[in-house]
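Chemist: Pasting the sequence and the predicted model now:
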Amino acid sequence: MTPELMIAGVMLVALVLYTLTGGADFGGGVWELLAAGPRKDAQRRLIDDSIKPIWEANHVWLILLIVLLFVCFPTAFAAVCTALHLPLALMLVGIVLRGSAFVFSHYDPLHGRGALRWGGVFAVASLLTPITLGVVLGALGTGFDVDRATGLVDTDFLSEWLAPYPLAVGLFTLALFAFLAAVYLVREAEDPELRADFRARALGSAVAVGATALVAYLVAPPVIRHDLSVSPWATPLHLATGFAAVTAIYGLWTRRDALARASAMAQVTLIVVGWAVAQYPYLAYPGYTIAGTAAPASVLTPILVALAVGGLVLFPSLAYLFVVFKRRRAA
């Protein structure tokens, strides 16, 4: 395996981990916006208590992904940040507003108007940011051409992302994050009625995931639809993803919450991996391949060493963070 493929693999792992952790945080914000019924305040408290200990740490995976793209694939980074600067800027604003609002909403100990106002900003930002993230990921497969005269990306700043497929992937991402958050919250809830509330939300969002996935497939560009339907890996991947999805629904329906959570995590992981395999060998189709945009080996090799050394510190630290805040809370 070449150094650029190894680094691309690390980027994929970072995207999967960000989806499983940060994506669930965004989904929690969606359910805070949609909190309803006689237990809506309790629902919001559960979401806040679940997010507070670890939400900021989850962004480490997104930062790692962006830094690796910038350092190891600079040509692709420049093209993506040029053509997609509008949805990327909206995503960045959403992340900043969401984080700031989450903090400011807890500065009002009486939970008055200030807390409600900032809580609304947090919820709306949590709704819009996953959509822009999905739009960016979907746009990477729609058509990034190179201007032969200048060597730069040939773009009008709109057509790459303001199209049916990126927008459909944005809605799919939102549904996926909401589903993942609801499944996690079923496991987090101690009150049986709260658990039932989020179980119903998890089952409903599972249906939304399937519906938005079908829409995204139907409007996908021919090259992606071809890879997702007739490639040698397509059938095994679809079967594995479908099995994980059915198992997650079965676990929710039969109140086997640990099984539902593990299956939902497997389903989400397979979806992200499937997107990456369909995208391969392009970082941005069709003008920017992994091999064609990679930095020299003199850059990639030290980066691989740094990743190996950094992983020895990062993974135990994050594991300890989850053990301290999650197991103690459960106990």
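Modeler: Now that the structure is in, tell me what you want to look at. Residues are numbered from 1 along each chain as shown.

Chemist: Beta-bridge partners for the closest residue to residue 144 other than its chain neighbours, please?
Modeler: The shortest distance from residue 144 to any non-neighbouring residue, by C-beta to C-beta, 6 or more residues apart in numbering, is to residue 284 (3.9 Å). For the C-beta atoms, the positions are set from N, CA and C on the backbone; glycine is no exception. Beta bridges link residue 284 to residue 288 when assigned by DSSP bridges.

Chemist: what residue ranges in the stretch 201-331 of the chain score low on pLDDT?
Modeler: Residue ranges of the stretch 201-331 of the chain with pLDDT under 70: 327-331.

Chemist: swap the cut-off to 50 and go again
Modeler: 328, 330-331 (pLDDT under 50).

Chemist: All the strands of it, in order from the start?
Modeler: Counting by DSSP state E, counting those that start in this stretch, residue ranges of the strands within the stretch 201-331 of the chain are 282-284, 288-289.

Chemist: ranking those strands by burial, who's on top?
Modeler: Comparing the strands of the stretch 201-331 of the chain by mean neighbour count (mean count of other C-beta atoms under 10 Å), strand 282-284 ranks first with a mean of 24.

Chemist: Can you list the neighbours in contact with that strand?
Modeler: If you take C-beta atoms under 8 Å, 6 or more residues apart in numbering as the criterion, strand 282-284 is touched by 8, 69, 73, 76, 79-80, 83, 140-141, 144, 288-290, 293.

Chemist: again, 6 Å this time
Modeler: Contacts to strand 282-284, defined as C-beta atoms under 6 Å, 6 or more residues apart in numbering, come from residues 73, 76, 79, 80, 140, 144, 289, 290.

Chemist: Can you give me the distance of the fifth one to residue 170?
Modeler: Distance, residue 140 to residue 170, by C-beta to C-beta, to the nearest Å: 13 Å.

Chemist: now do the third one
Modeler: Between residue 79 and residue 170 the computed distance is 20 Å (C-beta to C-beta).

Chemist: What is the subsequent helix or strand relative to the host helix or strand of residue 32?
Modeler: In this structure, residue 32 is located in helix 3-33 according to DSSP states H and E. Helices and strands here follow DSSP H and E; after helix 3-33, the next one along the chain is helix 40-51.

Chemist: So which elements touch that following helix?
Modeler: Counting contacts by 3 or more C-beta pairs under 6 Å, 6 or more residues apart in numbering; DSSP states H and E, helix 40-51 packs against helix 3-33.

Chemist: if you set the cut-off to 10 Å instead, what comes out?
Modeler: helix 3-33, helix 113-139, helix 164-188, helix 192-218 (3 or more C-beta pairs under 10 Å, 6 or more residues apart in numbering; DSSP states H and E).

Chemist: tell me the most buried of the ones you listed?
Modeler: By mean count of other C-beta under 10 Å, those have helix 164-188 as the most buried, with a mean of 25.

Chemist: In terms of secondary structure, what does that helix contact?
Modeler: Applying 3+ C-beta pairs under 10 Å, 6+ apart, one finds that helix 164-188 contacts helix 3-33, helix 40-51, helix 113-139, helix 192-218, helix 234-253, helix 257-279, helix 328-330.
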